[in-house]
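# Give me the fold of what follows.
(chains A and B)
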Amino acid sequence: MKFLVVDDSATMRRIVVNSLQRIGFTNCVEAADGVEALAKYDSSIGFVITDWNMPNMSGTELVQALRQREDGRAVPVLMVTARSVREDIITALEAGVNNYIVKPFTPQVLKEKIESLIVSPAA
Amino acid sequence: MANERASELMYDTASTLRLLDAELGELAPRRAPDPSPSATEAAAAIGATGKVLPLLPALFVRAMGEVHAMLESIRTGREHIRATTTERFAHTNLKLDEVSSATATAAIDIMDALDRAIAKVDELETEEVVADADKATAIRGDLRDELFAVMGHMQFQDITSQQIMHVQSLLADMEQRLSDIANLFDAEAGDEKAPLAAPAIAPRAHRDAQSFDPNATLADPETRQALADALVERGTAGA
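Next comes the predicted model:
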């Protein structure tokens, strides 16, 4: 499965990509914000992991844009963000995010959330 | 002789009043016209009547009004400055404390993980483990986990970066407020000098405004994740 990892922090992208590799997912594409992510997104992407706070286009805006596209309507989206206020989490879910990880996270949490969405992509 | 001295005195008084009028005019160029006589008008009246004293009270009342308005502006500016400095600086200080605390926490976590990794390496070199291949494999696995945990702790960089961006935005806000106050004084004084230099921090902070979460923290990730899980579960159940 091909992952699209979106975060404006190069450190975070590297941590997420290394975590994915460690749990067996080695095919990753990286983007630094929502605009770059949309440009790199195509039907070969099977999973999107995105941050919320980014310049140019935020994570929630990216998800909304993806849900407008025919090839992005059903792709699983996992948000990995420092935002953890109740209202923010609800906003992300309403925007179309499938699951939510609060930073800082452990590789175990990342693995669990990915598996939950791969096993049950409609969730 | 006495007439000559009186003329000189009158001339000096008229000049002084003109000067006073010009200064007051500069202090409040945009103010509505004052019904009391201006110093120029008073000077003309003195020239015509030769009497100074009857006009002085009205002139002093006018001058007092101008000075009072200036004092009021200064008082308002002082209140703005007080509010800006005490509240904003306190908040900025709090945020910098968070950065410092997050950095210290991450550094301790990293050092703990490295200590455990070093202990694993030491264990690998014991005779008992050297003789037991399965045990050595298990310890190497633990060692990898510890080293990988170090990478996970590097997430502090992302969190502290967001906290610092928030501090930057607070500084930019203070810079803008202080600049506004300075411009207020310039306007009051009718200063026609070149405007102050454009704020240095504000444009960057504005650009980065959506790049950070002002509440970003390393504290208590388990509880925050539990809240997210509960809301996701509720959303999934309701779908």
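# What residues sit buried inside the helix or strand encompassing B:Asp97?
Using DSSP states H and E, the element containing B:Asp97 is helix B:89-124. The neighbour-count check on helix B:89-124 (16 or more other Cβ atoms under 10 Å in any protein chain shown) flags B:92, B:95, B:98-99, B:102-103, B:106, B:109-110, B:113, B:116-117, B:120 as buried. C-beta here means a position set from N, CA and C on the backbone, and glycine is covered the same way.
# what does stretch B:209-228 give?
B:Gln210, B:Ser211, B:Phe212, B:Asp213, B:Pro214, B:Ala216, B:Thr217, B:Leu218, B:Pro221, B:Arg224, B:Gln225, B:Ala228.
# Can you give the contact residues for it?
With contacts defined as Cβ atoms under 8 Å, 6 or more residues apart in numbering or on different chains, stretch B:209-228 is touched by A:8, A:52-55, A:58, A:81-86, A:89, A:100-105, A:109, B:98, B:102, B:105-106, B:155-156, B:159, B:161-163, B:165-166, B:169.
# Weed out the non-buried ones from these.
A:8, A:52-55, A:58, A:81-84, A:89, A:100-105, A:109, B:98, B:102, B:106, B:155-156, B:159, B:161-163, B:165-166, B:169.
# just to revisit the earlier point, now for the helix holding B:Asp97, which elements pack on it?
On a contact count with 3 or more Cβ pairs under 8 Å, 6 or more residues apart in numbering or on different chains; DSSP states H and E, helix B:89-124 meets helix B:133-153, helix B:156-188.
# closest to chain A out of those?
Checking those against chain A by Cβ to the nearest Cβ gives helix B:156-188 as the closest, at 4.4 Å.
# tell me the mean pLDDT for stretch A:84-104?
Averaged across stretch A:84-104, the pLDDT comes to 95.
# which residues touch it?
Outside stretch A:84-104, the residues that reach it (Cβ under 8 Å, 6+ apart) are A:12, A:52, A:59-60, A:63-64, A:66-67, A:76-83, A:109-110, A:113, A:116-117, A:123, B:152-153, B:155-156, B:158-159, B:215-216, B:218, B:221, B:224-225, B:227-229, B:231-232, B:235.
# Show me the residues you listed that map onto strands.
Among these, the residues falling in strands (DSSP state E) are A:Val77, A:Leu78, A:Met79, A:Val80, A:Thr81.
# What parts of chain B come near chain A?
Within chain B, the positions adjacent to chain A are B:148, B:151-159, B:161-162, B:207-208, B:210-213, B:215-218, B:221, B:224-225, B:227-229, B:231-232, B:235-236, B:239 by Cβ under 8 Å from any Cβ of the partner chain.
# Turn the buried residues of stretch B:209-228 into JSON lines, including distance to B:Asp173 and pLDDT.
Shown next, in JSON lines, are the buried residues of stretch B:209-228 (distance: Cβ to Cβ, whole Å; pLDDT from 0 to 100):
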{"residue": "B:Gln210", "distance to B:Asp173": "16", "pLDDT": "81"}
{"residue": "B:Ser211", "distance to B:Asp173": "16", "pLDDT": "86"}
{"residue": "B:Phe212", "distance to B:Asp173": "14", "pLDDT": "90"}
{"residue": "B:Asp213", "distance to B:Asp173": "17", "pLDDT": "89"}
{"residue": "B:Pro214", "distance to B:Asp173": "12", "pLDDT": "86"}
{"residue": "B:Ala216", "distance to B:Asp173": "18", "pLDDT": "88"}
{"residue": "B:Thr217", "distance to B:Asp173": "21", "pLDDT": "86"}
{"residue": "B:Leu218", "distance to B:Asp173": "25", "pLDDT": "84"}
{"residue": "B:Pro221", "distance to B:Asp173": "29", "pLDDT": "90"}
{"residue": "B:Arg224", "distance to B:Asp173": "27", "pLDDT": "95"}
{"residue": "B:Gln225", "distance to B:Asp173": "32", "pLDDT": "95"}
{"residue": "B:Ala228", "distance to B:Asp173": "30", "pLDDT": "95"}
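# Can you lay out those as TSV showing distance to B:Gly47?
Putting the buried residues of stretch B:209-228 into TSV (distance: Cβ to Cβ, whole Å) gives the following:
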residue	distance to B:Gly47
B:Gln210	68
B:Ser211	69
B:Phe212	69
B:Asp213	72
B:Pro214	67
B:Ala216	73
B:Thr217	75
B:Leu218	79
B:Pro221	84
B:Arg224	81
B:Gln225	86
B:Ala228	84
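# got the buried residues for the helix or strand of chain A with the lowest mean pLDDT?
Counting by mean pLDDT, DSSP states H and E, the weakest-scoring helix or strand in chain A turns out to be helix A:107-119, with a mean of 91. Using 16+ other Cβ under 10 Å as the test for burial, helix A:107-119 gives A:Pro107, A:Val109, A:Leu110, A:Lys111, A:Lys113, A:Ile114, A:Ser116, A:Leu117.
# How about that helix and chain B, touching?
Yes. Using Cβ under 8 Å from any Cβ, we find that helix A:107-119 touches chain B at A:Pro107, A:Val109.
# before we move on, back to that, from the ones in strands among the contacts of stretch A:84-104, which is closest to chain B?
Nearest to chain B among these, counting by Cβ to the nearest Cβ, is A:Thr81 at 7.2 Å.
# where do the helices sit along chain A?
For chain A, applying DSSP state H gives helices covering A:10-22, A:34-40, A:59-68, A:86-95, A:107-119.
# looking at it, A:Val63 is touching A:Thr50, isn't it?
Yes. In this structure A:Val63 lies within contact range of A:Thr50 using Cβ atoms under 8 Å: 7.1 Å.
# what residue is smack in the middle of the chain?
In the absence of a named chain, this looks at chain A. A:Ile49 (1.7 Å; Cα atoms, centre = their mean).
# sorry, should have said chain B
In chain B, the residue lying closest to the centroid (Cα atoms, centre = their mean) is B:Met174, at 2.0 Å.
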